[in-house]
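Novice: Generate a structure from the sequence data that follows.
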Amino acid sequence: MGDDSIQSGQYQAVQGLYDSLMRRSNEILNGREYEYYFYPQISSPLIPERQHPSASVVINGKKYENITLQYDTYKDLLIYFDPANFVNGLVRPVAINRYIVDEFYLEVSSDNLIFRYLELPEDENLESGFFEIVYEGESQFIIKHLSSKYIDEGRDKYEYNPIRYIVSKAGYFKIKGKRSLLKAFPDKIKDVKKFIKSSKISVRTANKYEIISILRFYNSSQLP
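Specialist: Residues are numbered from 1 along each chain as shown. Model (predicted):
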């Protein structure tokens with residue numbers, strides 16, 4: 001009787017875990033099967049490069065944590081690896097319907113990234129899609145994580161080319177260097193230019209935290 005009771009308890013625990021995975025899978029799985037179109041050993045447009053269950057996604061207001069997600073920077077797709085979706089011993093990934101995703105979180109190189117799907121104005125000549133939300137305030141700093149395809153020795157390869165944007169009351173601005181950044185702040189060009197110089201920031205090669213410091217300065221109440 002004792003052994004039967006232990007085995008019954010183990011079975012119920014396993015069944016409960018399976019039921020929990022199935023419920024989570026059914027709630028998240030709203031999309032289509034994702035087909036690999038590249039050779040990971042050559043180059044990959046996915047971030048993060050390695051799969052690990054440290055991502056989160058918010059779907060229709062509900063957050064799912066500690067799951068495995070990757071973002072396809074070439075096709076602008078969020079990929080979910082469902083632990084209950086095994087085919088021939090391998091987990092089959094699914095591209096989630098982007099329109100049900102409120103936001104998602106990825107850990108990339110020890111950096112926690114927040115993404116949202118943004119519907120951008122057509123008159124700005126920008127494509128809507130998933131963007132990393134780096135900073136939000138009176139002005140906004142967003143990054144479009146992109147990969148471009150090229151041919152090398154007869155094989156498709158993917159080069160990672162993120163694009164940085166500042167969104168201000170003056171519009172959307174692609175940031176390549178100091179000149180393009182200053183266009184985002186036409187009302188405070190001299191102040192922002194002075195801050196960049198005093199902070200010794202090279203906008204062209206600046207990391208995201210240096211760009212954030214510029215936006216925080218612009219948004220600060222210290223400006224007249």
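Novice: Run the chain-centre distance for stretch 122-131.
Specialist: 16 Å (CA atoms, centre = their mean, to the nearest Å).
Novice: Can you tell me the centre-most residue of the protein?
Specialist: Phe115 (4.1 Å; CA atoms, centre = their mean).
Novice: Walk me through the domains of this structure.
Specialist: As assigned by automatic domain parsing, the chain contains the domains 2-174, 178-224.
Novice: of all those domains, which has the lowest average per-residue confidence?
Specialist: Sorting these by mean pLDDT places domain 2-174 lowest, at a mean of 84.
Novice: show me the contacts for the residue nearest to Lys178 when sequence neighbours are not counted.
Specialist: Distances taken as CB to CB, 6 or more residues apart in numbering put Val203 closest to Lys178, at 4.4 Å, once the chain neighbours are dropped. Placement of C-beta: from N, CA and C, glycine included. Contacts for Val203 (CB atoms under 8 Å, 6 or more residues apart in numbering) come out as Ile175, Gly177, Lys178, Leu181, Ile196, Ile211, Ile214.
Novice: Top of those residues by number of neighbours, please.
Specialist: With neighbours taken as other CB atoms under 10 Å, the top of these is Ile214, carrying 26 neighbours.
Novice: Mind giving me the packing neighbours of the host helix or strand of it?
Specialist: Ile214 belongs to helix 208-219 when assigned by DSSP states H and E. Counting contacts by 3 or more CB pairs under 8 Å, 6 or more residues apart in numbering; DSSP states H and E, helix 208-219 is packed against strand 129-136, strand 140-144, strand 163-168, helix 189-198.
Novice: now those in a markdown table, with distance to Arg98?
Specialist: Shown next, in a markdown table, are the helices and strands packed on helix 208-219 (distance: least, CB to CB, whole Å):
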| stretch | distance to Arg98 |
| --- | --- |
| strand 129-136 | 7 |
| strand 140-144 | 14 |
| strand 163-168 | 19 |
| helix 189-198 | 34 |
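Novice: helices or strands next to the helix or strand containing Tyr64 in the packing?
Specialist: Assessed by DSSP H and E, Tyr64 sits inside strand 62-67. If contacts are counted by 3+ CB pairs under 8 Å, 6+ apart, strand 62-67 sits against helix 2-28, strand 55-59.
Novice: I'd like the next helix or strand past it.
Specialist: Heading C-terminal from strand 62-67 (DSSP H and E), you reach strand 69-72.
Novice: which outside residues touch stretch 61-68?
Specialist: Counting by CB under 8 Å, 6+ apart, 24, 27-28, 51-58, 80-81, 83, 102 sit against stretch 61-68.
Novice: Kindly write the PyMOL command that selects the buried subset of the residues you listed.
Specialist: Selection of buried members from those for PyMOL, criterion 16 or more other CB atoms under 10 Å:
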select buried, resi 28+55+56+57+58+80+81
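Novice: which among the contacts of stretch 61-68 gets closest to Lys157?
Specialist: Using CB to CB, Gln51 comes nearest to Lys157 of those, at 20.8 Å.
Novice: picking up where we left off before, check the contact between the residue nearest to the centre of the chain and Ile133; I expect there is one.
Specialist: Yes: counting by CB atoms under 8 Å, Phe115 touches Ile133, with 7.0 Å between them.
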